[in-house]
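**Student:** Show me how the following folds:
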Amino acid sequence: MGFTLDKVVPWGRSYDEYLRMFDLTEAELGLRLLGCGDGPAAFNATLTQRGGKIISVDPVYAFDADQIRGRISETYATVMAQMRQNQSDYVWGVIPSVEQLGSLRLAAMETFLSDFHAGKQQGRYIPGELPTLPFAQGAFDIALSSHFLFLYSAHLSAEFHVQALQEMLRVSREVRVFPLLTLAGAPSPHLPFVQQHLSKNGIIGETKRVPYEFQRGGNAMLVIKSVHA
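**Tutor:** Next up, the predicted model:
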């Protein structure tokens, strides 16, 4: 069975969150960027509006804006109820409350939805998913993965992570992955295996602190650079 929309719980991050999650500089925002598993995030729409160059890949882009909007409506109340139940797992600072979080997420997803049709026509939103990307080697400068790799360690094997990261590195000079925690808030058990595998293959990989923490303890990203970068 192929990918279906009922598997998705849309939850889009804002442009500002992307800047802080990946510690992106102004100079880096001018590079060729790839977002893997961006979903309904606002980053592509906002960066494009500001003159940046970005392509986002996600299986949800096979659907249209109305279908994605409908799925957001179907799942939003459930996600918010879970957030209220698990408030202690999060750092309420820049985002001060569950209610403010809901407003932020809805605004980010609306920015995405308003841009989606045009962006899809322009080739900025491409249906696809790791560990296979439809791009030539070295097509991008930086590839980003937000809230997919490592977060879903209970569902995706260590081998899948290695394949996905190698594929991202094939199409870009540098890969950044955030966060390095699982959904349960624990460090991903796959991270040591991944780092060891990368090291054995001569790939430079390090964890780096970032100016963002919402999931408690989730304030670091994995940075991987090609030896040819």
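
**Student:** Name the spans of the protein whose pLDDT lies under the cut-off.
**Tutor:** 1-2, 227-229 (pLDDT under 70).

**Student:** Give me the most central residue, it.
**Tutor:** What sits nearest the mean C-alpha location of the chain, by CA atoms, centre = their mean, is S146, with 2.0 Å.

**Student:** ok, what's across the strand from that residue?
**Tutor:** On the basis of DSSP bridges, S146 is bridged to F178.

**Student:** my read: it touches L19, true?
**Tutor:** No. The pair S146 / L19 is not scored as a contact, 11.6 Å apart, by CB atoms under 8 Å. Heads up, the C-betas are built off the backbone N, CA and C, glycines and all.

**Student:** CA atoms only for the longest helix along the chain - export them in CSV, please.
**Tutor:** In the chain, assigned by DSSP state H, the helix with the most residues is helix 98-121. This file holds the C-alpha atoms of helix 98-121, laid out as CSV (Å, rounded to 0.1, in the frame of the first residue of the first chain):
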residue,chain,number,x,y,z
VAL,A,98,0.1,25.7,24.7
GLU,A,99,-2.3,28.2,23.3
GLN,A,100,0.5,30.3,21.8
LEU,A,101,2.0,27.1,20.3
GLY,A,102,-1.3,26.3,18.6
SER,A,103,-1.5,29.8,17.1
LEU,A,104,2.1,29.6,15.9
ARG,A,105,1.6,26.2,14.3
LEU,A,106,-1.6,27.2,12.6
ALA,A,107,0.0,30.5,11.3
ALA,A,108,3.0,28.5,9.9
MET,A,109,0.7,25.9,8.2
GLU,A,110,-1.4,28.7,6.7
THR,A,111,1.7,30.3,5.3
PHE,A,112,2.5,27.0,3.7
LEU,A,113,-1.0,26.3,2.4
SER,A,114,-1.2,29.8,0.8
ASP,A,115,2.1,29.1,-1.0
PHE,A,116,1.7,25.5,-1.8
HIS,A,117,-0.1,25.6,-5.2
ALA,A,118,2.3,28.1,-6.7
GLY,A,119,5.3,26.5,-5.0
LYS,A,120,4.4,23.1,-6.4
GLN,A,121,4.1,24.5,-9.9
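
**Student:** Show me what that helix is packed against.
**Tutor:** helix 15-21, helix 43-49, helix 65-85 (3 or more CB pairs under 8 Å, 6 or more residues apart in numbering; DSSP states H and E).

**Student:** Tabulate those helices (JSON lines), appending distance to A186.
**Tutor:** Below are the helices and strands packed on helix 98-121 laid out as JSON lines (distance: least, CB to CB, whole Å):
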{"stretch": "helix 15-21", "distance to A186": "19"}
{"stretch": "helix 43-49", "distance to A186": "27"}
{"stretch": "helix 65-85", "distance to A186": "18"}
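
**Student:** Looking at these, spot the one closest to L180.
**Tutor:** helix 15-21 (11.4 Å; CB to CB).

**Student:** Which other helices and strands does that closest one contact?
**Tutor:** Helix 15-21 packs on helix 43-49, helix 98-121, strand 140-146, going by 3+ CB pairs under 8 Å, 6+ apart.

**Student:** can you list contacts of the longest one?
**Tutor:** Residues from elsewhere that reach helix 98-121, judged by CB atoms under 8 Å, 6 or more residues apart in numbering: 10-15, 17, 40-42, 44-46, 48, 61, 64-65, 68-69, 72, 76, 80, 83-84, 87, 95, 125.
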